[in-house]
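>>> The sequence and its predicted three-dimensional model are supplied below.
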Number of protein chains: 4
Amino acid sequence: MASETQRVESFSDGVFAIAITLLVLELKVPPAGNSQLSTLLIRQWPSYVAFLASFAFIGIMWINHHRLFTHIRRSDHVLLVLNLLLLLGVITVPFPTAVLAENLGQPGERTATLLYSGTYVVIAIAFNVLWRYATSRNRRLLGPDVDATAVRQIGVQYSFGPLFYLVCFALAWVSVPASLVLNVVLACFFALPPAYLRRPSA
Amino acid sequence: MASETQRVESFSDGVFAIAITLLVLELKVPPAGNSQLSTLLIRQWPSYVAFLASFAFIGIMWINHHRLFTHIRRSDHVLLVLNLLLLLGVITVPFPTAVLAENLGQPGERTATLLYSGTYVVIAIAFNVLWRYATSRNRRLLGPDVDATAVRQIGVQYSFGPLFYLVCFALAWVSVPASLVLNVVLACFFALPPAYLRRPSA
Amino acid sequence: MASETQRVESFSDGVFAIAITLLVLELKVPPAGNSQLSTLLIRQWPSYVAFLASFAFIGIMWINHHRLFTHIRRSDHVLLVLNLLLLLGVITVPFPTAVLAENLGQPGERTATLLYSGTYVVIAIAFNVLWRYATSRNRRLLGPDVDATAVRQIGVQYSFGPLFYLVCFALAWVSVPASLVLNVVLACFFALPPAYLRRPSA
Amino acid sequence: MASETQRVESFSDGVFAIAITLLVLELKVPPAGNSQLSTLLIRQWPSYVAFLASFAFIGIMWINHHRLFTHIRRSDHVLLVLNLLLLLGVITVPFPTAVLAENLGQPGERTATLLYSGTYVVIAIAFNVLWRYATSRNRRLLGPDVDATAVRQIGVQYSFGPLFYLVCFALAWVSVPASLVLNVVLACFFALPPAYLRRPSA
């Protein structure tokens, strides 16, 4: 029955939708009556960057969650708990992002970058654990018509996550900009569809 | 299978629902114990106008999104990304609306109107790109029983969007009220159902 | 096809769910370190009453919306617009409720009660218009297996709404407490299932 | 028809999703430009504990709600009302949690613990009433293929709830830490799947 995971997906969709929409609350309206409104708006650029970055990261996580659950067709108690841990990571994202936006170019930028990268290490681990649980023991939670190549390719792509985000985390001790650039590169990597989705027939 | 786009729709519904409901947070309760409560409430009229306008605009965008996805029956990676870009526009709406409400009749009203119209230029482009992607290459993401007239009429209606919102944007340099009036006219235009929905049989 | 209204329902569910959950933001945590915490908590009773009242009212509206859409099986452009107008009323509820909670026992309580009752007049009209549209012209949007008794009983119950809420509104000029008591009585009336749902077989 | 409860579940999912996501708003970003950012972040530990605790408790309640509705297949007016009462408890959780986080180690900690435990007494009663209503009178709202063992085991597990949370509540008069520890133990107890879900075949 394909609908066994429907409620897990609809609850998760709700959490993703709210987390991504709450981001707009971080955009502050400058005080009225100022003749230099455009200057005031432009001066807020770090909060726009934080807004767009958080939007992109949560959006990419939603696409990945969506992709996993096109393969996961059955649900059990452990999956519910692992999914909750993943969602815990997702809803936390705006906090380290705001800390980072506030402290870039300030004395606390190293600490903020560590917090930021650390969050993604945890999320990458949560994605891996959920996918490994669903696909282990003879693919216990996958549908009968699952594409074995897809499952393997997703597994390979995800196994890079924790390791590379850990490199990001370590890099923050050496160079904050390098760590952030690698973070963006990694986001792009997970935004890309795995190879099986790039075949012409898909 | 009709349900392939179900999760895209349910995630989008969540985002639209939250964006439209968060608008009420902009209505401020006047301080208590004042004998002139009605005067205080009436003096807040710009925030009511901004509230109603944002509600109408997001509501119209939801109706349009809903209409597109009655035709779109299949989903792929690019559609997910294009849909996220569209939702980015939707959740941003409260910000330029609040900036406009704060600055109407103030020195910054031109800048605020440019920001406001600019947001709708971007949203109109996002709607067009999504619809063109879904319907191009032999209508790749549409259902087999799709109504060719409907697809064409939606395409025609949408192709006016970016152009006319760009006129709105340019008009703000000449006259702020003219730009805002045209904006409302355009919203009404997209609130109207396309011709195929006005046939008696529909 | 029963699923034609599915997305209208899921969007509406999202709006109801958010409107009802945002209410908790109105409960303020008293400042820490005070030895009279219980006194501080008890002194906030008006905000608890406003919270519970808004919760009950939005909950009752959700039950009514849910009931209507067990009968409405088809959707068209006008229904989408009427449903949006109804949702506009729903998401507005926390605002007049907060104004009322702030001003009870203060000089502005009459104005606040008028605003509060006026909101429910509008919502009652919106419910009526939506239901009349769906059931008129040979029950155009209902399912083929619809229960004619149910449709008639809902119509009768709803036709009382705008009239009685208008009485509430007028009563506020004479006596604020009387108006509020009638408001609660009316809420209970709409919380009751219509007669067809109280038959043993249902 | 399995979909009779679908809208109850999707509305409830929305409420749970929003309640759990709003928790992140309680994490405050320390003021920028401070060289001791890590100290400031660490000093906020009570708000992280409150965040994680609320997340875990709402998550566990969602899993339980989900489990109940895998058995409940039909819906009626009373179920809608009982479900709303349960959701009232769920959305209230952040308030007593914040009061507790603010007052731990302060003079008001006993009052805060009583409020906190009291909330869970009410929620435990709401879960029991809903489940008993659904399963009484010849299991009126369950599906025809329901697992009698599962129904009985859930009933047994839930019957412990109100009693033990009442012990928690009473314990707060004697010892605040003991009450909070028992609270966590109880949460773990309800996080565990009932016995029928731990059988190898499940």
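Arrived safely, thanks for sending.

>>> Which strands or helices does the longest helix anywhere in chain A pack on?
The residue-count maximum for a helix in chain A (DSSP state H) belongs to helix A:109-139. With contacts taken as 3 or more CB pairs under 8 Å, 6 or more residues apart in numbering or on different chains; DSSP states H and E, helix A:109-139 sits against helix A:45-71, helix A:77-92, helix A:94-103, helix A:148-174, helix A:176-191, helix D:37-43. Heads up, the C-betas are built off the backbone N, CA and C, glycines and all.

>>> change it to 6 Å
Using 3 or more CB pairs under 6 Å, 6 or more residues apart in numbering or on different chains; DSSP states H and E as the contact criterion, the elements in contact with helix A:109-139 are helix A:77-92, helix A:94-103, helix A:148-174, helix A:176-191.

>>> out of everything not next to it in sequence, what's closest to the spatially most central residue of chain A?
Geometric centre of chain A, nearest residue: residue A:61, 3.8 Å, by CA atoms, centre = their mean. Spatial nearest neighbour of residue A:61, excluding adjacent residues (CB to CB, 6 or more residues apart in numbering or on different chains): residue A:90 at 5.8 Å.

>>> again, but for residue A:122
Nearest non-adjacent residue to residue A:122, counting by CB to CB, 6+ apart: residue A:89, 5.5 Å away.

>>> The one you found contacts residue A:124, correct?
No - under the criterion of CB atoms under 6 Å, residue A:89 lies out of contact with residue A:124, with a separation of 8.9 Å.

>>> next one: stretch A:119-133 to chain centre, how far?
Its chain's C-alpha centre and that of stretch A:119-133 lie 10 Å apart, by CA atoms, centre = their mean, to the nearest Å.

>>> Show me what the mean pLDDT comes to for it.
Model confidence over stretch A:119-133 averages 93 on the pLDDT scale.

>>> what's that stretch in contact with?
Around stretch A:119-133, the neighbours that count as contacts under CB atoms under 6 Å, 6 or more residues apart in numbering or on different chains are A:68, A:82, A:85-86, A:89, A:96, A:158, A:161-162, A:165-166, A:169.

>>> Would you mind listing the buried residues in stretch A:72-81?
Judged by neighbour count using 16 or more other CB atoms under 10 Å in any protein chain shown, the buried positions of stretch A:72-81 are A:72-73, A:75, A:77-81.

>>> no, scratch that, I was asking about stretch A:136-147
Within stretch A:136-147, the residues that qualify as buried by neighbour count (16+ other CB under 10 Å) are A:139, A:141-142, A:146.

>>> If we go by neighbour counts, what in the longest helix of chain A is buried?
Counting neighbours by 16+ other CB under 10 Å, one finds that the buried residues in helix A:109-139 are A:109-131, A:133-135, A:139.

>>> so it versus helix A:77-92, what angle?
160 degrees (axes from the mean of the first three to the mean of the last three CA atoms, to 10 degrees).

>>> and the residue nearest to residue A:122, what is it in contact with?
A:122-123, A:126.

>>> How about the residues of chain A by chain D?
The interface of chain A toward chain D, taken as CB under 6 Å from any CB of the partner chain, is made up of A:7, A:10-11, A:14-15, A:18-19, A:77, A:80, A:84, A:88, A:91, A:95, A:98-99, A:102-103, A:106-108, A:111.

>>> Got a quick ChimeraX command for the buried subset of those residues?
Those of the residues of chain A next to chain D that count as buried under 16+ other CB under 10 Å are selected in ChimeraX with:
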select /A:7,10,11,14,15,18,19,77,80,84,88,91,95,98,99,102,103,108,111
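
>>> any low-confidence regions in chain A?
Using pLDDT under 70 as the threshold, the predicted model of chain A has low-confidence ranges A:1-3, A:198-202.

>>> What parts of it come near chain B?
Contacts of chain A with chain B, taken as CB under 6 Å from any CB, map to A:9-10, A:13-14, A:17-18, A:21, A:24, A:27, A:29, A:32-33, A:35, A:37-38, A:55, A:59, A:63, A:66, A:193, A:197.

>>> of these, buried ones?
By the neighbour-count criterion of 16+ other CB under 10 Å, the residues of chain A next to chain B include these buried positions: A:9-10, A:13-14, A:17-18, A:21, A:24, A:27, A:29, A:32, A:37-38, A:55, A:59, A:63, A:66, A:193.

>>> Filtering those by proximity to chain C, which remain?
Contacts with chain C within those, counted by CB under 6 Å from any CB: none were found.

>>> that older thread, what's the spacing between the residue nearest to residue A:122 and chain D?
Residue A:89 sits 11 Å away from chain D, going by CB to the nearest CB, to the nearest Å.

>>> Can you report how many residues neighbour residue A:186?
Using other CB atoms under 10 Å in any protein chain shown, residue A:186 has 21 neighbouring residues.

>>> I'd like the distance between the residue nearest to it when sequence neighbours are not counted and chain D.
Closest residue to residue A:186 apart from its sequence neighbours, by CB to CB, 6+ apart: residue A:164 at 5.5 Å. In this structure, residue A:164 and chain D are 24 Å apart, going by CB to the nearest CB.

>>> cool, and residue A:120?
The span separating residue A:120 from chain D equals 16 Å under the rule CB to the nearest CB.

>>> one step back: closest one to chain D out of the buried residues of stretch A:72-81, please.
residue A:77 (4.2 Å; CB to the nearest CB).

>>> check contacts around the closest one.
In this structure, residue A:77 makes contact with D:193, D:197, judged by CB under 6 Å, 6+ apart.

>>> Same check on residue A:194?
The neighbours of residue A:194, taking CB under 6 Å, 6+ apart as the test, are A:153-154, A:157.

>>> just checking: which of the residues you listed also lie near chain C?
Contacts with chain C within the contacts of residue A:194, as defined by CB under 6 Å from any CB: none are present.

>>> Against chain D, how distant is residue A:53?
Separation of residue A:53 from chain D (CB to the nearest CB) stands at 15 Å.
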